[in-house]
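Q: Got a sequence here, can you model it:
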Amino acid sequence: MEWIRLKARVLETGSVRLSGEPSDEYVSRSAAGPSAGTPGSLFFSPGGSRPSGGGRRLRAGIDDDSPIEIVHRGGGAADLLVDGEVVAGRLEPAALHCPRQAYITVSGTCIFRCRYCPVPDLPGRRKGVDEIVRMVESVADRVDGISITSGVASSIKEEEAYVLEVVSALRSFGLPIGVSIYPGPETPARLHALGVAEVKFNIEAATPELFRKMCPGLSWEGIRESLSASVALFGRGRVYSNVIVGLGETDDDLERVMEDLAAIGVIPVLRPLTPAAALADRPRPAAERLLALFEIQGRILHRAGLDPCRALTMCAACTGCDLTPGRDG
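A: Model (predicted):
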């Protein structure tokens, strides 16, 4: 089975059964997003390739009932078993949240209640600035970048101010910094002034109407304006936006929003729905749908001259959770 189809199958399932030698050092746990509060996840690279050097990787949750299995042979060597196929590779240790990055959630709590996100119902907390600096210090010798994300602990304005403090404290590491938070009107300019390399502001849903249903109290149009403003500051291909696949949109909706984002220089990141919170009973998107959208996404990015392989930070640099044109096929 070719890699792209194998990865789509894993993304459709969303999990793997882990067996073999002890693997605790390879298990990562999330403090934000739809995977928050789960038993954890792991990263697998076929053939032992290192994705930061142009290779491939996938991320999957751990579930003892999954039909897909990863057998850890010891020392990180592992086999991925999918539908009768066996793929040799390696488990990748996560530095912080993902391989080769210090990817840190500042506030693991949120006042908003997006229907797909469990964070508001979890006992999250805000990390202190000194704590975050120590976290990066602990992995600085094995990361290529720093990525910062956050919920909204008390208000959008207050969260932005706190994240700016965090970014200021992290500049001394001399690593590219990417930031993904809910933006206010001045957020792009303020992050750019601090030397942030890349930003990711997530419009989440393919249409503003669907966004209003999924994220009451937030503005799709406001995020879209922040993305446009960011391209002028950070440059084409240094601005990203997650678009969730599986919220009830059509493939035409997704094609239109990808065209719209790419036209202004933003790289759309298609993120398969992880059923959680109010959408816990929704199905994950099928592998064949993900593959079809991958082909559309690849054509759109190529025409716009946008290359996710140039990403320095965040999801487009990791690629574990998504099919990424140029990296996966």
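
Q: CA atoms for contacts and neighbours, from now on please.
A: OK.

Q: hmm, who's touching whichever helix or strand Arg190 is part of?
A: Arg190 belongs to helix 187-193 when assigned by DSSP states H and E. Residues from elsewhere that reach helix 187-193, judged by CA atoms under 8 Å, 6 or more residues apart in numbering: 160, 164, 199, 226, 229-230, 233-234.

Q: out of those, which is most surrounded?
A: Val199 (29 neighbours; other CA atoms under 10 Å).

Q: Quick check: the gap between that residue and Ser219.
A: As judged by CA to CA, to the nearest Å, Val199 and Ser219 stand 18 Å apart.

Q: Restricting to C-alpha, output the helix holding Arg190 in PDB.
A: Written as PDB, here are the backbone C-alpha positions of helix 187-193 (Å, rounded to 0.1, in the frame of the first residue of the first chain):
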ATOM      1  CA  THR A 187      -2.600  40.600  16.700                       C
ATOM      2  CA  PRO A 188      -0.700  40.100  13.400                       C
ATOM      3  CA  ALA A 189       1.300  43.400  13.800                       C
ATOM      4  CA  ARG A 190       2.100  42.800  17.400                       C
ATOM      5  CA  LEU A 191       3.400  39.300  16.800                       C
ATOM      6  CA  HIS A 192       5.400  40.500  13.800                       C
ATOM      7  CA  ALA A 193       7.000  43.200  15.800                       C
END
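
Q: Just the mean pLDDT for that helix, thanks.
A: Helix 187-193 comes out with an average pLDDT of 98.

Q: Which SSE is immediately downstream of that helix?
A: Trace forward from helix 187-193 with DSSP H and E and the next one is strand 198-200.

Q: so what secondary structure elements neighbour that next one?
A: Here strand 198-200 touches strand 177-180, strand 239-245, going by 3 or more CA pairs under 8 Å, 6 or more residues apart in numbering; DSSP states H and E.

Q: Can you name the next helix or strand after it?
A: Strand 198-200 is succeeded, C-terminally, by helix 208-214 (DSSP H and E).

Q: Report the rounded mean pLDDT for that following helix.
A: Confidence for helix 208-214, expressed as mean pLDDT, is 98.

Q: Give me the helices and strands touching it, please.
A: Using 3+ CA pairs under 8 Å, 6+ apart, helix 208-214 is in contact with helix 220-234.

Q: Next, the angle strand 239-245 makes with the helix it packs on.
A: 150 degrees (axes from the mean of the first three to the mean of the last three CA atoms, to 10 degrees).

Q: Now do helix 220-234: distance to the chain's middle.
A: 19 Å (CA atoms, centre = their mean, to the nearest Å).

Q: quick one on the thing from earlier: closest to Val87 out of the helices and strands packed on strand 198-200?
A: Among these, strand 239-245 comes nearest to Val87, with 26.7 Å by CA to CA.

Q: Could you check the helix or strand following that closest one and say which residues are buried?
A: Using DSSP H and E, the helix or strand that follows strand 239-245 towards the C-terminus is helix 251-263. Within helix 251-263, the residues that qualify as buried are 251, 254, 257-259, 261-263, counting by 16 or more other CA atoms under 10 Å.

Q: and if you look at stretch 205-223?
A: Across stretch 205-223, burial judged by 16+ other CA under 10 Å covers 205-207, 211, 214-215, 218-220, 223.

Q: JSON lines please, covering the helices and strands packed on strand 198-200 and showing distance to Gly20 and mean neighbour count.
A: Listed next are the helices and strands packed on strand 198-200 as JSON lines, based on distance: least, CA to CA, whole Å; neighbours: other CA atoms under 10 Å:
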{"stretch": "strand 177-180", "distance to Gly20": "36", "mean neighbour count": "25"}
{"stretch": "strand 239-245", "distance to Gly20": "33", "mean neighbour count": "25"}
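
Q: Now tabulate those strands in a markdown table and tack on mean pLDDT.
A: Listed next are those as a markdown table, based on pLDDT from 0 to 100:
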| stretch | mean pLDDT |
| --- | --- |
| strand 177-180 | 98 |
| strand 239-245 | 98 |
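
Q: Mind putting the ones you listed into CSV with distance to Ser150?
A: Listed next are the helices and strands packed on strand 198-200 as CSV, based on distance: least, CA to CA, whole Å:
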stretch, distance to Ser150
strand 177-180, 7
strand 239-245, 15
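
Q: To Arg56, which of these lies closest?
A: Nearest of the helices and strands packed on strand 198-200 (CA to CA): strand 239-245, 19.6 Å.

Q: now for that closest one, which elements pack on it?
A: strand 198-200, helix 220-234, strand 267-272.

Q: Now distance to Asp65 and mean pLDDT too, for the ones you listed, in CSV please.
A: Formatted as CSV, the helices and strands packed on strand 239-245 follow (distance: least, CA to CA, whole Å; pLDDT from 0 to 100):
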stretch, distance to Asp65, mean pLDDT
strand 198-200, 34, 98
helix 220-234, 37, 98
strand 267-272, 20, 98
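
Q: quick one, which of the ones you listed is nearest to Val245?
A: Smallest distance to Val245 across the helices and strands packed on strand 239-245 (CA to CA): 4.8 Å, for strand 267-272.
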